[in-house]
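S.K.: Next come a sequence and a model predicted from it.
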Amino acid sequence: MNVFNTIIIGGGAAGLYAALHAGRRGRRVLVLERNSEVSAKILISGGGRCNFTNLHANNPARYLSANPHFARSALARHTQHDFIGLVKKHGISHYEKTLGQIFCEGARSSAKIVRMLVDECAAGGVDVRVGCKIAEVRRNERFIVETSQGAFESETLVIATGGLSIPKLGATSFAFDIAKRFSIPVVATRPGLVPLVFGEGDLAWMGPLSGVSTNVAARAGGAEFREAALFTHRGLSGPAILQASSYWREGQDIKIDWLPDANDDALATRKRERPKAQLKSVLAELFSERLAAVLAKKLPTGALGDMKDAALIEAARALKAWPLAPIGTEGYAKAEVTVGGIDTDGLSQQTMECRRAPGLFFIGECVDVTGWLGGYNFQWAWSSGWAAGQAI
């Protein structure tokens, strides 16, 4: 039987990053990946340019978790600047897009991040095996992993197989099955950073707007995100909606501010400037004509000058707190991340090791730490992978 210091199951962002850091420490490391290549999610991320971190990624308030303080330690000890330093070392061009989002430069440049991780693993003597199916994981004095490529043994075992999002890239419930096997608690999971779906009543007016994008402030679960919303044939998507979806729970409304740059008296002010203008015409100046026409049908009609200020203020308030009732999401198939996962109460904040099963570690997306859109989830992969890599 092949014996290693540690076995890492999952050759994605977190798994490779933990492996390269353990390899640097002189540990004998084996990475097992069931797909035919490593890091499939990295390759498609950011439209092929890989939004690999965010300048604000060390802010724990931008991560969802049943324990909102859990991520603080790893994010503080291995920061976005540490990862950017590695990217610079490998000569990978990158730039800040918006809101602190750091992307690689050039088409299909995400492959450079994968190559960087693979090269760093090779430099540390890490054994990376692809197309390796796991048949069984058990523990005697050591961990034993039975695979399609033979049996392997190790002192420590790291689970870095991700969550349930994007099953077409190989996502499975493996991490949660292992957690059950070792009696590790799991916080209920749901799709995150995912488009929202609406019922027939809402789709009657949303459907004709499919393809229309507008800047909004979307609120759900006490969080607010000000970015673009995009109408789809099933409901709403776009960055603001994807962000809000991680906080939305079934049965709740979301609220949309269609006028995030305007005050409650914005329409009343327009009345004094253009008393003969129709409300529909004024709205068309604020966002697309198609969207203005739809929203105007739900508001008072007529010339602004014929309306009382109180009515216009009420109309503006309606536009700034427009309630919508999603009936669901587009599910894990379209979700960028999984919300929920391995209960952080059962993990060491310093090392990601399980309290109930010493020697067993969970890192990355399978843990109940979910970041905002824009590089935060990759940073959690790097930080949690680094934390485990120092201990395995």
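M.R.: Nice, thanks for sending it over. Quick caveat, the model's predicted, so the values are computed rather than measured. Numbers count the residues shown, from 1 in each chain.

S.K.: would you list every one of the strands in the stretch 51-200 of the chain?
M.R.: 51-54, 63-64, 94-96, 101-104, 127-129, 134-139, 143-147, 150-159, 186-192, 196-197 (DSSP state E, counting those that start in this stretch).

S.K.: pLDDT (mean, whole number) over the first one?
M.R.: What it means is strand 51-54. For strand 51-54, the mean per-residue pLDDT is 98.

S.K.: which residues are contacting that strand?
M.R.: With contact meaning Cβ atoms under 8 Å, 6 or more residues apart in numbering, strand 51-54 is reached by 42, 45-46, 80, 83-84, 87, 94, 97, 99-104, 113, 372, 374-376, 378-379, 382. Placement of C-beta: from N, CA and C, glycine included.

S.K.: Can I get it as CSV, trimmed to CA atoms?
M.R.: Below are the C-alpha coordinates for strand 51-54, written out as CSV (Å, rounded to 0.1, in the frame of the first residue of the first chain):
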residue,chain,number,x,y,z
ASN,A,51,-11.7,36.4,-10.7
PHE,A,52,-9.2,34.9,-8.3
THR,A,53,-9.5,37.2,-5.3
ASN,A,54,-10.9,40.6,-4.1
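
S.K.: Relative to it, what are the paired strands and their orientations?
M.R.: Using DSSP bridges, the strands paired with strand 51-54 are strand 101-104 (antiparallel).

S.K.: Per-residue pLDDT of the residue lying farthest from the centre of the chain, please?
M.R.: Outermost residue of the chain with respect to the C-alpha centroid, by Cα atoms, centre = their mean, is residue 306; its distance is 47.6 Å. Note on residue 306: pLDDT of 93.

S.K.: returning to that earlier point: please produce JSON lines containing the strands of the stretch 51-200 of the chain, extended by distance to residue 228.
M.R.: Shown next, in JSON lines, are these (distance: least, Cβ to Cβ, whole Å):
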{"stretch": "strand 51-54", "distance to residue 228": "16"}
{"stretch": "strand 63-64", "distance to residue 228": "21"}
{"stretch": "strand 94-96", "distance to residue 228": "18"}
{"stretch": "strand 101-104", "distance to residue 228": "14"}
{"stretch": "strand 127-129", "distance to residue 228": "38"}
{"stretch": "strand 134-139", "distance to residue 228": "40"}
{"stretch": "strand 143-147", "distance to residue 228": "44"}
{"stretch": "strand 150-159", "distance to residue 228": "36"}
{"stretch": "strand 186-192", "distance to residue 228": "18"}
{"stretch": "strand 196-197", "distance to residue 228": "14"}
